[in-house]
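Chemist: missing the sequence, but the structure's below:
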């Protein structure tokens, strides 16, 4: 499937579009992303950042006041996106070790399922390493069942079954009352999440998602597709059967200088989640609001826009406005998309966010890869890590 850039390309091959979703077996039906949990050095301050800069709202809290002695967690929500920020309260333990090793980063990608016990059984019997045996958590609002498995690096998937729960988030959490709730910026849901893995490991983890979770590969990019004069990488996109969960997986490729994937692996000390792509219905309004709140985005040279309409055809947006904000545009046979990438949002050059608006397009912006990677290389040069 090398060289296939979008779903339409695949539809025109011997595989056919139907085969994508036939290949994504239904033994693990996923209803969506339930939450993403980040282990951070200071959850209270991180929560303030995500509220101020990204427009998330206070939802729930767990810590000393709720009977939790070893950690504190703040839950933030914006439309269908839920972030959990967790910090250890002791100087030992797995959370503390994770932060020392990796810095602030994604630990848990939680997936919403109908049956968390069955999800655990189906994945572990196919070779997944258990992380959390099925556990029933309950309070006056009912009960939740959760289970979990390891994936690349120390990242884990938690399966969340909440059909019998009427509470705010999970048992053990209380409503987080806060008078400070800046307005949302228009983020709607998680479009996809990208993982970086080590040299030669992409195939292994794509096979893991196919075998263990029933995903199918929908797109493949080689180093010829994703390269500049200095660096390169390879990537494959894995999707579950209903297309609600998409995980691109990147690995380094040989280049003249150190690629962004190598830089990530060096500073994160191994594989992990590189970026979270969040969807919006109005990228100009969303990015404008985020810029006003202090979010920094990668710089795109003005020359990128000189022949934009020749490359992508007619679009609804004003090119000068897109140029002002550095928003990238790409088109496939289904339509076009607009996307922009933040600079890294933590001190280590590891995790960042993508903001994306799809206007029909189902691809991932292959036409923008060169401009994006050159922008990242400028940041690497500034850091002295290129």
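Modeler: On my side now, so go ahead. For clarity, every value in this text was computed on a predicted model and none was experimentally measured.
Chemist: mind listing what residue 80 touches?
Modeler: 32, 33, 188, 189, 190 (Cβ atoms under 8 Å, 6 or more residues apart in numbering). (Glycine included, C-beta is placed from N, CA and C.)
Chemist: same thing but 6 Å
Modeler: residue 189 (Cβ atoms under 6 Å, 6 or more residues apart in numbering).
Chemist: Helix or strand with the lowest mean pLDDT in this protein?
Modeler: Least confident helix or strand, the chain: helix 7-11 with a mean of 44, by mean pLDDT, DSSP states H and E.
Chemist: and the gap between the residue located most distally from the centre of the chain and residue 39?
Modeler: Distance from the C-alpha centroid of the chain, by Cα atoms, centre = their mean, peaks at residue 140 (32.9 Å). Remark: distance between residue 140 and residue 39 (Cβ to Cβ, to the nearest Å) = 29 Å.
Chemist: Ok, residue 323 next?
Modeler: Using Cβ to Cβ, residue 323 is found at 38 Å from residue 39.
Chemist: So for those two, which sits in the more crowded spot?
Modeler: The neighbour comparison of residue 323 against residue 39 (other Cβ atoms under 10 Å) goes to residue 39, with 26 against 16.
Chemist: what pLDDT does the more buried one get?
Modeler: Predicted confidence (pLDDT) for residue 39: 98.
Chemist: And residue 303, how close does it get to residue 309?
Modeler: 14 Å.
Chemist: Please say which of those two ends up with more neighbours.
Modeler: residue 309 (12 against 8).
Chemist: Assumed the more buried one was part of a helix.
Modeler: Yes. Looking at residue 309 with DSSP: H, G, I helix; E, B strand; the rest coil, it is inside a helix.
Chemist: For it, which non-adjacent residue is spatially closest?
Modeler: residue 319 (6.8 Å; Cβ to Cβ, 6 or more residues apart in numbering).
Chemist: Enumerate the strands of the stretch 151-300 of the chain by residue range, in sequence order.
Modeler: Under the criterion DSSP state E, counting those that start in this stretch, strands of the stretch 151-300 of the chain are mapped to 156-161, 174-175, 187-196, 216-221, 232-239, 246-253, 272-280.
Chemist: Next, format the ones you listed as JSON lines and append mean neighbour count and mean pLDDT.
Modeler: Listed next are these as JSON lines, based on neighbours: other Cβ atoms under 10 Å; pLDDT from 0 to 100:
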{"stretch": "strand 156-161", "mean neighbour count": "23", "mean pLDDT": "98"}
{"stretch": "strand 174-175", "mean neighbour count": "14", "mean pLDDT": "97"}
{"stretch": "strand 187-196", "mean neighbour count": "21", "mean pLDDT": "96"}
{"stretch": "strand 216-221", "mean neighbour count": "22", "mean pLDDT": "81"}
{"stretch": "strand 232-239", "mean neighbour count": "23", "mean pLDDT": "83"}
{"stretch": "strand 246-253", "mean neighbour count": "23", "mean pLDDT": "90"}
{"stretch": "strand 272-280", "mean neighbour count": "23", "mean pLDDT": "96"}
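Chemist: Please consider this matter closed, and thank you.
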